[in-house]
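**Student:** have a look at this prediction, sequence included:
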Amino acid sequence: MANPANPRIIRLEEGWNDEIKTKAIDVLEEMLDNGIKAGKTKMFAPKEYVAIYTTCYDMCTQRSPYNWSRDLYQRHGETIENYLTSTVLPALREKTGQNGPILLKELQSRWVNHQIMNKWLKKFFTYLDRYYVKHHSLPTLSQAGLKHFKTHIYDEMKRDATASILTLIDEERERMIIDKTLIKSIVELYESMGMGNLDAYTADLEAPLLDSTRDYYAKKRQEWIVSDSTPDYLIKAERALNEERLRVADYLNPASESKLLRVCKEEILKKVEMVLLEKEGSGCKVILANDKSEDLRRMFRLFSRLERGLNPMAAIVQSFISAIGNELINKRQARLDGGEKDKNDDPKFVKSLLELHDKYLGAIKADFNGHSLFQKALKDAFVEIVNRNVGQYTNAELMSTFCDRVLKSGGEKLSEAEVEDSLDRVVQLFSYLTEKDLFAEIYRNQLAKRLLNQRSASDDAEKMMIAKLKMQCGTHFTSKMEGMLGDLAVGSDQKSEFEAKMKQHKSSLDYTVQVLTTGFWPRYKPLEVALPPEMSKCMDVFKDWHDNKHAKRKLTWVFSLGNATVRAKFGNKFYDLQVSTLQAVALNTFNGGVAIGFEELAEKLNLEESILKPLMHSLSCGKYKVLTKTPASNKINTTDSFTANMRFSSNMRKIRIPMASLDASHNTKRVEEDRSIAIEAAIVRIMKARKTLQHQQLIAEVLSQLAFFKPNPKVIKRRIEALIDREYLERNSDNSNIYNYLA
């Protein structure tokens, strides 16, 4: 037995040649070159491995000078180096120049063998790794093995390997079948050569791949742009981008994805974006015109990948929508030029604008994911369209009149849901108007007529429309309209109270009064018409009752807004004529079949010519001619005379006789006055906060504050001058272009 106190010393050459090299290294190299012998399941049985490990352990733990750790570490490296240079490198050189897969398969096989060799040598020399390598801060056995492979194999073969990989990738791009698993294993080799980072992969494979990809798609771009339409080009471009993304997932490092896709996008999208968008016969405008939603969605998806890639597309969308909108306006102009009467009621035109807006609002939501750039494009296009007026009436008035048709009884025949939908759509158009205050003035006048003439189809619909305008523009915008509805609600309570009072006075008339608050309602021209005694008596009764109830309120009578039902007898038949108060007073003068001349009638009724002419026209020249005019014509002259038309006959018992409005749909002068007040208020507000301000800055701030209209800077300048005259502001003594606020 060996004496444990004096263990046998293992000499270097003895241990290396007789044990380690013979029983481990030579056997390992033999198996790597020729495979494991038949009947053997493992490269080294446990007993074989333990024996070799023990020899290495003993040689590393002997006392100096017989501690062979340094020598074994050196011979570990030499063993790997010798095998790589004498066996692996010649085999690879032999395959160089043959087709790509042959070289790559050999490289794959040799790389797998090297990993096996590295693993077993690390196992045999584990003790070196644990103590000697750690103590002397040397590369681990695995690191040393990788470095040798990199130095002797990788550095020489990487150029040919990379070229082979790039060839295979190009073949796959051309729809050929390649061995993806083979490429993936070689990519892992490149990654391993970075020793913990991707430097080798990035420099030796990724960089050439990006250059190769750029060249490949530059050629494809030139082919596709000549042969394909824009939609077909984009189909190919999207397919290419998806394939490159899958290529990275299949066998490249994930870090390459963003770089590879960036190169592809630059080559096949960025460099030809404007060419594709403006391509004749198939560009963006053509796709929009043909409603090709799928092509639009693809175009949006692809160009959204580019930095600022959607800007040119959004500009084209805006230009396209503007062009269609202007075409609709030009058609309206052509109708007017062709002799069609210009009216403030053009539902066909307003509906065409609503349909256009609905269509492209839907397209922006569905095809462009509601992207803010395209929403802005739609807004800018419709700001241009909606604020371009042709003919006598502005688009603001046409839109307000369309609302009037929807909301009044006898107008558009719509269900509640359709009314709400129509109002929603009009309010969307309204939001693009720069003259919102003009719309408000016109809408308020039409609302007043609907309410006072009992022509409103639904109180709920009226409230709903006002709520929508309030949400769009704020409380200030709709306060007067809400006040009008409030007046009618309060008025209904007062009506029932007055009716009880009237029963005490025996009157042949059924008489009611609607009291309105002056500040809420439009201004109406006061008329001093000569009323029949019975009407005057009723007015006096109401005035006494009202003055007792509201001593500090002043009543002003507005006869042009009143209405009446007149019982008329023509021949043996009775009719109920639904007329205005003025028409009723005029008809009353013709009782008994008298004939009255125009001037005599004007004197009797105390009415001006401008009021009496439309009044008499409605009774003698309209659909229901209850008066006969002499001489007969469709125009009223001051020389005409009138009498009751005893031959009048109608199948209906109740007849409504409309009359042209005596008040304009809006008072332009009043709108201008309100604007002047708003501009001055904004100027004072700004100057009070800023104290001192330069002219251009003040103009800019005023424009930014005015939400309901956009005044001309010259108008703002005139209001500044007016405020200086009234000593709200003064010019700076040193610089006349600067204003100071005067407290």
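**Tutor:** Received the coordinates, thanks. Numbers count the residues shown, from 1 in each chain.
**Student:** quick one: buried residues of the helix or strand harbouring Phe498?
**Tutor:** In the assignment (DSSP states H and E), Phe498 maps to helix 475-502. Under the neighbour-count criterion of 16 or more other C-beta atoms under 10 Å, helix 475-502 has 477-478, 480-481, 484-485, 487-488, 494, 498, 502 buried. Yep, even glycine has a C-beta here, placed from its N, CA and C like the rest.
**Student:** how far does it sit from the chain's center?
**Tutor:** Averaging C-alpha positions (C-alpha atoms, centre = their mean, to the nearest Å) puts helix 475-502 42 Å from its chain's average.
**Student:** go on, stretch 281-295?
**Tutor:** 19 Å.
**Student:** other residues contacting it?
**Tutor:** 229-231, 234, 276-278, 296, 299, 313, 316-317, 319-320, 363, 366-367 (C-beta atoms under 8 Å, 6 or more residues apart in numbering).
**Student:** list the buried residues for that stretch?
**Tutor:** 282-288, 292, 295.
**Student:** out of those residues, which one sits closest to Leu246?
**Tutor:** Comparing those against Leu246 with C-beta to C-beta places Asp295 closest, at 23.2 Å.
**Student:** quick check: what element follows the host helix or strand of that closest one along the chain?
**Tutor:** Secondary structure assignment for Asp295, by DSSP H and E: helix 293-303. Using DSSP H and E, the next helix or strand after helix 293-303 towards the C-terminus is helix 310-337.
**Student:** next secondary structure after that next one?
**Tutor:** Taking DSSP H and E, what comes next after helix 310-337 is helix 347-367.
**Student:** who's in contact with the helix or strand just after that next one?
**Tutor:** Per DSSP H and E, helix 347-367 leads on to helix 372-386 as the next helix or strand towards the C-terminus. Contacting residues not belonging to helix 372-386 are listed as 310-311, 314-315, 317-319, 321-322, 325-326, 328-329, 353, 356-357, 360-361, 364, 368, 395, 429, 432-434 [C-beta under 8 Å, 6+ apart].
**Student:** buried ones among the residues you listed?
**Tutor:** By neighbour count, with 16+ other C-beta under 10 Å, the contacts of helix 372-386 hold 310, 314, 317-318, 321-322, 325, 328-329, 353, 356-357, 360-361, 364, 368, 395, 429, 432-434 as buried.
**Student:** contacts only, for the nearest residue to Thr512 once chain neighbours are set aside.
**Tutor:** Using C-beta to C-beta, 6 or more residues apart in numbering and skipping the chain neighbours, the partner closest in space to Thr512 is Lys495 (5.7 Å). By C-beta under 8 Å, 6+ apart, Lys495 lies in contact with 512-514.
**Student:** thinking again about what came up before, can you list contacts of the helix or strand that comes right after the helix holding Phe498?
**Tutor:** Remark: after helix 475-502, the chain's next helix or strand is helix 533-549, criterion DSSP H and E. Helix 533-549 has contacts (C-beta under 8 Å, 6+ apart) with 498, 501-502, 505, 507-509, 511, 513, 515, 531, 553, 555, 557, 585.
**Student:** list the residues that contact Asp576.
**Tutor:** Asp576 sits next to 565-568, 653-655 when contact means C-beta under 8 Å, 6+ apart.
**Student:** strands - which of the residues you listed land there?
**Tutor:** Judged by DSSP state E, the contacts of Asp576 include 565-568, 654-655 as members of strands.
**Student:** in ChimeraX, select just the buried ones from those residues.
**Tutor:** The following ChimeraX line selects those of the ones in strands among the contacts of Asp576 that are buried, judged by 16+ other C-beta under 10 Å:
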select :566,568,655
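**Student:** what's the closest of the ones in strands among the contacts of Asp576 to Tyr57?
**Tutor:** For the ones in strands among the contacts of Asp576, the nearest to Tyr57 is Lys654 (121.1 Å; C-beta to C-beta).
**Student:** tell me the spacing between the nearest residue to Lys654 once chain neighbours are set aside and Met652.
**Tutor:** Distances taken as C-beta to C-beta, 6+ apart put Asp576 closest to Lys654, at 4.8 Å, once the chain neighbours are dropped. From Asp576 across to Met652, the span is 9 Å (C-beta to C-beta, to the nearest Å).
**Student:** now do Pro532
**Tutor:** Counting by C-beta to C-beta, the gap from Pro532 to Met652 is 26 Å.
**Student:** ok, so of the buried residues of helix 475-502, who is nearest Cys403?
**Tutor:** Met481 (11.9 Å).
**Student:** got the contact list for the closest one?
**Tutor:** Met481 sits in contact with 440, 443-444, 447, 466, 469, 520, where contact means C-beta under 8 Å, 6+ apart.
**Student:** give me that answer again for 7 Å
**Tutor:** 444, 447, 466 (C-beta atoms under 7 Å, 6 or more residues apart in numbering).
**Student:** just the pLDDT at Pro312, thanks.
**Tutor:** As predicted, Pro312 sits at a pLDDT of 95.
**Student:** all further residue positions should be reported with the first residue as 6.
**Tutor:** Sure, I'll start counting at 6 from here, so that last one is Pro317.
**Student:** that one reaches Leu282, doesn't it?
**Tutor:** Yes. Using C-beta atoms under 7 Å, Pro317 is in contact with Leu282, at 5.8 Å.
**Student:** and which of the contacts of Asp581 is nearest to Asp204?
**Tutor:** For the contacts of Asp581, the nearest to Asp204 is Lys659 (95.9 Å; C-beta to C-beta).
**Student:** who wins for neighbours among the contacts of Lys500?
**Tutor:** The most crowded member of the contacts of Lys500, judged by other C-beta atoms under 10 Å, is Val518 (19 neighbours).
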